[in-house]
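> When you get a sec, could you give me coordinates for this:
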Amino acid sequence: MEDITPKEWRQLNRYVEEGDCWVWQGSLNHSGYGRINFRRKWRTSHGAVYEAHRGPVPAGLVLDHLCRNRACVNPDHLEPVTQKENVRRAAPAAAAARRRRNVERWAEIKKRVAREWR
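Purely as a prediction, here's the structure:
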């Protein structure tokens, strides 16, 4: 990426540190990924921050969030991988998230039923 101006660095530094993650504080898309209009082009915030720190993502690769936090823009948590590898890695995390949601739903249903039976 070309030299980044101080104004552009301010634009890219819109995150707060939560543990090791740098959580994006700008807009998020419907999937929870940060968005930024950087140099007159809409991009993912993690892609823009990664390129500012590490250089361009190699052709044919995408950035995988090793921390599984879609809003994280920490370049140390991003790894260029193939799309196939990115999907393969995401499957266990998505399954775990579904299980957590199901447990929460069942807990709410049990509470509601218990209230109704009182």
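
> In contact with Arg88, which residues are there?
With CB atoms under 8 Å, 6 or more residues apart in numbering as the criterion, no residue contacts Arg88. Glycine gets a C-beta too; all of them are placed from N, C-alpha and C.

> Please report how far it lies from Val81.
Using CB to CB, to the nearest Å, one gets 9 Å for the distance from Arg88 to Val81.

> just Arg112 next, same as before
Taking CB to CB, one finds Arg112 at 43 Å from Val81.

> Neighbour count: those two, which is higher?
For Arg112 versus Val81, neighbours defined as other CB atoms under 10 Å are more numerous around Val81 (18 against 10).

> show me what contacts the more buried one?
Leu61, Val62, Leu63, Asp64, Arg89.

> Mark which of those are part of strands, please.
Mapping the contacts of Val81 onto strands (DSSP state E) picks out Val62, Leu63, Asp64.

> So what sits opposite the first one in the bridge?
Pointing back at Val62 there. Beta bridges link Val62 to Val81 when assigned by DSSP bridges.

> Look at it and report its pLDDT.
Note for Val62: predicted pLDDT of 97.

> and the residue nearest to Arg43 when sequence neighbours are not counted, how many neighbours does it have?
Of all residues not flanking Arg43 in the chain, Ile36 sits nearest, at 5.8 Å (CB to CB, 6 or more residues apart in numbering). When neighbours are defined as other CB under 10 Å, Ile36 has 21 of them.

> Wasn't Ile36 part of a strand?
Yes: under DSSP: H, G, I helix; E, B strand; the rest coil, Ile36 falls within a strand.

> what comes up buried for the helix or strand containing Asn86?
Secondary structure assignment for Asn86, by DSSP states H and E: helix 83-117. By neighbour count, with 16 or more other CB atoms under 10 Å as the criterion, the buried positions of helix 83-117 are Asn86.
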